[in-house]
Each structure stands twice: as structure tokens, then as C-alpha cells.
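Peer 1: Quick one: sequence and predicted model below, then my questions.
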Amino acid sequence: MRTAIYPGSFDPLTNGHLDVVQRAAKLFDRVVVAVAKNEDKHPLFTLDERLALVKQEVRHLSGVEADTFDGLLIEYVVDRKAQAIVRGLRAVSDFEFEFQLALMNRKLNENIETIFMMPKDTYTFLSSRIVKEIARLGGDVEAFVPPHVRSALAKKFSGAKTI
Ligand code: ADP
């Protein structure tokens with residue numbers, strides 16, 4: 001059983017994330033989309049909200065599940081009996097940070113490999129941060145996020161309960 005962990009803040013999940021999940025699902029028997037608590041990043045959505053949005057979007061994908069984690073990623077990877085970490089690479093700007101993170105994780109556990117996946121070219125400009133900014137300013141994010149995320153963003157910025 002080959003398992004990969006795809007960790008991130010997913011604040012919120014975008015079509016770019018989903019593209020990476022689908023590519024990873026072709027390579028592994030099981031892909032766990034692991035939503036990081038990341039309180040210090042002051043996420044717009046709570047951990048439960050982020051998890052619920054990911055769950056909703058991956059439930060039709062076979063071999064893909066959603067979970068949350070807090071603390072050291074490499075420990076979570078070992079706990080879940082996974083062999084690899086999946087990360088997305090959009091542009092050269094992602095490279096330096098991702099490279100550092102991958103090498104640090106290898107220092108912590110050299111049995112775990114990090115795999116980088118490039119999204120479809122139309123998603124290379126997409127980030128949760130930009131999507132939140134557009135939604136906050138009243139722009140339409142339909143092309144960038146799944147429908148449930150779009151309505152969760154609309155509710156969040158209208159002050160209503162999200163999910
Ligand atoms: P983090 O806070 O860990 O960066 P994100 O949710 O922003 O969490 O991203 C999780 C992973 O998904 C990272 O590897 C990031 O580079 C990747 N990613 C984010 N957006 C995209 C996208 N549009 N296409 C491909 N990969 C992406």
C-alpha cells in the first residue's frame with residue numbers, strides 16, 4: 001500500500017490543490033489531504049471548516065481521504081504509515097521555500113520522499129491568498145474554486161455562518 005500525504009493550509013481549497021490531488025491519486029494507492037492547523041497563519045477558515053470543504057470535494061475520488069494534523073509533519077507522515085509527501089510547485093517563486101522544506105524533512109527522516117507535482121498551466125497563478133483577496137473585494141471566484149468553496153467564501157465575507 002503506497003500512501004502519500006498532501007499537507008497544506010487549504011485556506012481554502014482551490015482548483016489548483018484539487019489538480020495536484022488528482023495527479024497524486026494516479027501514483028499512490030492512498031492520498032491523504034492533510035489540513036494543517038496552522039494557527040499562527042491566522043487562517044480565514046477554521047480547521048473544521050477547511051477540513052469539511054476538502055472532504056466534500058474529495059469524497060468522489062477513490063483512494064483519497066481528508067484529515068487534519070498539528071505539529072511536526074514528518075511525525076504525522078510516519079503515524080499514517082505513508083512513504084511520501086506531495087507538494088505542489090507553481091512557479092520558480094515556490095521553489096526555494098519548497099526545496100528548503102523538502103531537505104529539512106529529509107534530514108528529519110530520510111526514508112520519506114517529497115514528490116513535487118506541477119498543476120495544469122491555468123492553475124499556476126492560483127493561490128488561496130489571491131482567491132481570498134478577490135472574494136473579499138466582491139469578485140467572482142467561480143473559475144478558481146469548487147462551488148462549495150465559492151459559497152463558503154461568499155458567506156464568510158457576508159458575515160454569515162460558513163458551513
Ligand atoms: P501551505 O500553507 O503549506 O503553503 P497551501 O494550502 O497554500 O499550504 O498549499 C499547499 C500545497 O499546495 C503547497 O505545496 C503549495 O505550493 C501547493 N499549491 C497551492 N496552490 C497551488 C496551485 N494553484 N497549484 C499547484 N499547487 C498549489
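Peer 2: Here it is on my side, so go on.

Peer 1: Alpha carbons of the longest helix seen in the chain, as CSV, please.
Peer 2: Using DSSP state H to define each element, the chain has its longest helix at helix 92-108. Extracted C-alpha coordinates of helix 92-108, given in CSV (Å, rounded to 0.1, in the frame of the first residue of the first chain):
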residue,chain,number,x,y,z
VAL,A,92,10.1,29.4,-9.5
SER,A,93,8.9,31.5,-6.6
ASP,A,94,7.6,28.4,-4.8
PHE,A,95,10.9,26.6,-5.4
GLU,A,96,13.2,28.0,-2.7
PHE,A,97,10.8,27.5,0.2
GLU,A,98,9.7,24.1,-1.0
PHE,A,99,13.3,23.0,-1.6
GLN,A,100,14.3,24.0,1.9
LEU,A,101,11.2,22.3,3.4
ALA,A,102,11.9,19.1,1.5
LEU,A,103,15.5,18.9,2.5
MET,A,104,14.6,19.6,6.1
ASN,A,105,12.1,16.9,6.1
ARG,A,106,14.7,14.5,4.6
LYS,A,107,17.1,15.5,7.4
LEU,A,108,14.4,14.6,10.0
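
Peer 1: Which neighbouring elements make contact with it?
Peer 2: Helices and strands touching helix 92-108, by 3 or more C-beta pairs under 8 Å, 6 or more residues apart in numbering; DSSP states H and E, are helix 73-79, strand 84-88, strand 113-117. (Each C-beta comes from the backbone N, C-alpha and C, glycine too.)

Peer 1: Run the chain-centre distance for stretch 71-88.
Peer 2: The chain centre lies 13 Å from the centre of stretch 71-88; the measure is C-alpha atoms, centre = their mean, to the nearest Å.

Peer 1: Run through who's touching it.
Peer 2: For stretch 71-88, contacts defined as C-beta atoms under 8 Å, 6 or more residues apart in numbering pick out 1-8, 16-17, 20, 24, 28, 31-32, 34, 36, 67, 69, 94, 98, 101-102, 105, 108-109, 111-119.

Peer 1: Alright, calling it a day.
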